[in-house]
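In: Below is the structure, and that's it, no one-letter string:
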C-alpha cells in the first residue's frame, strides 16, 4: 500500500482525541507531506526571532482560527500565508489528535499531501527557513531523544529529533512521534 493511502486509512479509522477544555484559543496546523526522490518528507518551518511566541523553533505551518473558519480552513490558510502553498495544491488526508500547547492553545493538526511539483514562498517576518525533513529521520531511533521536564499538568516527556543542524522538539516533535506510532511505521 502506498504511504498516502496508508495515512488516509489510518486517520479515517482513528477517533481523534478532542480537547474540550483547558485552553484559551483554538489553532490548527498542517502536517504537509510530499514525496521527493525516493522518500516521503514533512515540510516544517523554522520561526523567525521576530514572532511573538516560539522564536526560532521548528513548527508546522499553522496558526489561530479566525471567526467562522473551520479548523481545516485555518490550517490551509495559514499554510498559504506562511509558505505560499495554495490549498488547491494540498490533498487533505485527515485530522489527527488535539493537543494543548504550553501557551494554552488547543492545536488541531491536519495531514495533507502536497501535489508535486510545488514551490514555496516563505512569509519572511514569520518564517526564517522552510525545511524538508525525510520520514527516515523520524524513523531512525538514533535521531530521537527524550528529556524529562516538570510542567504541572503536562506530560513530563519532551521529545527531540535531530536533523542536520536543527533540533525539532516540543509539541511539534510530540505530534510527529504520535503520528508515526499511529501509522505503525516506527520499526
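Out: Received the coordinates, thanks. Source: prediction; values computed, not measured.
In: just checking, what's the longest strand in the chain?
Out: strand 25-36 (DSSP state E).
In: next helix or strand past that one?
Out: Later in the chain than strand 25-36, the nearest helix or strand by DSSP states H and E is strand 39-47.
In: pLDDT (mean, whole number) over that next one?
Out: Average pLDDT, strand 39-47: 95.
In: low-confidence ranges in the protein?
Out: Within the chain, the ranges that satisfy pLDDT under 70 run 1, 51-56, 149-156, 186-187.
In: Show me the strands in this protein, by range?
Out: Going by DSSP E, the chain shows strands at 25-36, 39-47, 58-59, 62-64, 90-95, 99-100, 105-114, 127-134, 144-148, 157-163, 166-169.
In: returning to that earlier point: taking strand 105-114 as reference, get the angle to the longest strand of the chain.
Out: Compare the direction of strand 25-36 with that of strand 105-114 by axes from the mean of the first three to the mean of the last three CA atoms, to 10 degrees and you get 20 degrees.
In: Packing partners of strand 25-36?
Out: Under the contact definition 3 or more CB pairs under 8 Å, 6 or more residues apart in numbering; DSSP states H and E, strand 25-36 sits against helix 3-13, strand 39-47, strand 62-64, helix 71-83, strand 90-95, strand 105-114, helix 170-183. In this view, the C-beta of every residue, glycine as well, is placed from N, C-alpha and C.
In: Including distance to residue 128 and mean neighbour count, could those go into a markdown table?
Out: Below are the helices and strands packed on strand 25-36 laid out as a markdown table (distance: least, CB to CB, whole Å; neighbours: other CB atoms under 10 Å):
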| stretch | distance to residue 128 | mean neighbour count |
| --- | --- | --- |
| helix 3-13 | 28 | 15 |
| strand 39-47 | 5 | 19 |
| strand 62-64 | 16 | 19 |
| helix 71-83 | 11 | 22 |
| strand 90-95 | 22 | 18 |
| strand 105-114 | 20 | 23 |
| helix 170-183 | 15 | 18 |
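In: Figure out which of these is closest to residue 162.
Out: For residue 162, the closest of these is helix 170-183, at 10.4 Å, according to CB to CB.
In: okay, the angle between that closest one and strand 105-114?
Out: Going by the same axes, to 10 degrees, helix 170-183 makes 50 degrees with strand 105-114.
In: Now do helix 170-183: distance to the chain's middle.
Out: In terms of CA atoms, centre = their mean, to the nearest Å, the centre of helix 170-183 is set 8 Å apart from its chain centre.
In: Which strands and helices lie in contact with that helix?
Out: The helices and strands touching helix 170-183, judged by 3+ CB pairs under 8 Å, 6+ apart, are helix 3-13, strand 25-36, strand 58-59, strand 99-100, strand 105-114, helix 135-139, strand 157-163.
In: can I get the strands of the chain in a markdown table with distance to residue 76?
Out: A markdown table is the format used below for the strands of the chain (distance: least, CB to CB, whole Å):
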| stretch | distance to residue 76 |
| --- | --- |
| strand 25-36 | 7 |
| strand 39-47 | 13 |
| strand 58-59 | 16 |
| strand 62-64 | 10 |
| strand 90-95 | 6 |
| strand 99-100 | 19 |
| strand 105-114 | 8 |
| strand 127-134 | 16 |
| strand 144-148 | 29 |
| strand 157-163 | 25 |
| strand 166-169 | 22 |
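In: Right, I'll call it a day here.
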